[in-house]
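Asker: No sequence on hand, only this structure:
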């Protein structure tokens, strides 16, 4: 979100060019990285990328047509000193919205929420974020899992989280809870934007700024996860304007990209990502949000725009305005699968350029030091700027 009228994430992000996701592993030995247990019939080095682009791994579908609802809801920041009451209120609102969306127009197979429905966003320091962050799984995800079981659906949402295996780190996690209440996905954010906010940087730990340790713990396949479910192959992200990241997801067989935002996003980025990779995309942004501490109801005009796209980049359903609403589309997944293949692109043409690329910040910086505040993150990342 934005703070007052000084920071408009939507305007800032419109002109950003993301770091190349496929080159984020620069400087690492892929052969030395421990991979996750491979899927049956695959080799560890495959990383889910099939040799035959038509024969990517998938599970049988629960039905030929999948109904998806993108829930454009308010964002309301909790108190950084005493966050529990605000988190409870936000959770109650989220659960109520689930009931409302599933109560009319037939049952939906997948409900998608925005980046921070439980906690909101504010320029908190690390100590405040530690109080705000939830555990996944935890009480909040258990309450959401009960709704997933009740409606036999998948529910996707973002949240700040802490992890006992990563003491001191604050994670931005996109989760998917399945119809039996299982945690299908617990995906870290791939990378944060850098160099766009005046006077500060984000302090959340992403895969990129903990890359070497992340791969050591979870394997290189977990860097770009694709979740094979009975409603399709799902991939999640709160990262914007990083086409290489989404191309890599599509190469691993992603069929439906579940993207989240708060305070705005670039609509063309989402639409063209669907078209270039021939996949479905869902983008969920927050609605106009009254009584959000520190913000106007529609700060910087960045609310709304929630949309579902088809594999030609066509709009299948779009929010009619900036208020709370559901955006529903029926996706013909069985028909899609009959002709779908992973992207056919010509890496040999581009590989020499990628090999020469040097990113602005090297990976793994948050394994060396954890900034205490947004301003401290700005200082630290400026010191580590390779492009100075």
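Answerer: Nice, I can see it. Because the structure is a prediction, the values reported are computed rather than measured.
Asker: count of neighbours near residue 289?
Answerer: Residue 289 is flanked by 24 other residues according to other Cβ atoms under 10 Å. Quick note: C-beta positions are derived from backbone N, CA and C, even for glycine.
Asker: Hmm, it is touching residue 76, no?
Answerer: Yes. Contact status for residue 289 versus residue 76: in contact at 6.1 Å, counting by Cβ atoms under 8 Å.
Asker: Tell me where this structure has strands.
Answerer: Counting by DSSP state E, the chain has strands at residues 66-72, 110-112, 134-135, 154-162, 171-177, 183-188, 227-229, 232-237, 256-260, 280-284, 307-309, 315-318, 325-331.
Asker: Columns mean pLDDT on top of the ones you listed, output as TSV?
Answerer: Shown next, in TSV, are those (pLDDT from 0 to 100):
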stretch	mean pLDDT
strand 66-72	98
strand 110-112	98
strand 134-135	98
strand 154-162	98
strand 171-177	98
strand 183-188	98
strand 227-229	98
strand 232-237	98
strand 256-260	98
strand 280-284	98
strand 307-309	98
strand 315-318	98
strand 325-331	98
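Asker: To residue 372, which of these lies closest?
Answerer: strand 154-162 (15.7 Å; Cβ to Cβ).
Asker: now this structure, which segments are flagged as low pLDDT?
Answerer: Applying pLDDT under 70 to the chain flags the ranges 1-45.
Asker: which helix in it runs the most residues?
Answerer: helix 84-103 (DSSP state H).
Asker: Can you give the contact residues for it?
Answerer: Helix 84-103 has contacts (Cβ atoms under 8 Å, 6 or more residues apart in numbering) with 69, 71, 73-74, 76-79, 108, 111, 113, 117-120, 132, 134, 140, 143-144, 147, 151, 153, 155, 157, 324, 326.
Asker: Can you flag which of these belong to helices?
Answerer: The helices, defined by DSSP H, take in 132, 140, 143-144, 147, 151 from those.
Asker: out of those, who's nearest residue 297?
Answerer: Among the ones in helices among the contacts of helix 84-103, residue 132 lies closest to residue 297 (Cβ to Cβ), at 22.1 Å.
Asker: Give me the distance between the closest one and residue 294.
Answerer: Counting by Cβ to Cβ, to the nearest Å, the gap from residue 132 to residue 294 is 14 Å.
Asker: which of those two has more neighbours?
Answerer: Between residue 132 and residue 294, residue 132 has the larger neighbour count (other Cβ under 10 Å), namely 27 against 14.
Asker: just the buried members of the contacts of helix 84-103?
Answerer: 69, 71, 73-74, 76-78, 108, 111, 113, 117-120, 132, 134, 140, 144, 147, 151, 153, 155, 157, 324, 326 (16 or more other Cβ atoms under 10 Å).
Asker: Next, the distance between the ends of stretch 351-365.
Answerer: Using Cα to Cα, to the nearest Å, the end-to-end distance of stretch 351-365 comes out at 25 Å.
Asker: same deal with stretch 121-133?
Answerer: 12 Å.
Asker: Appreciated, that's everything.
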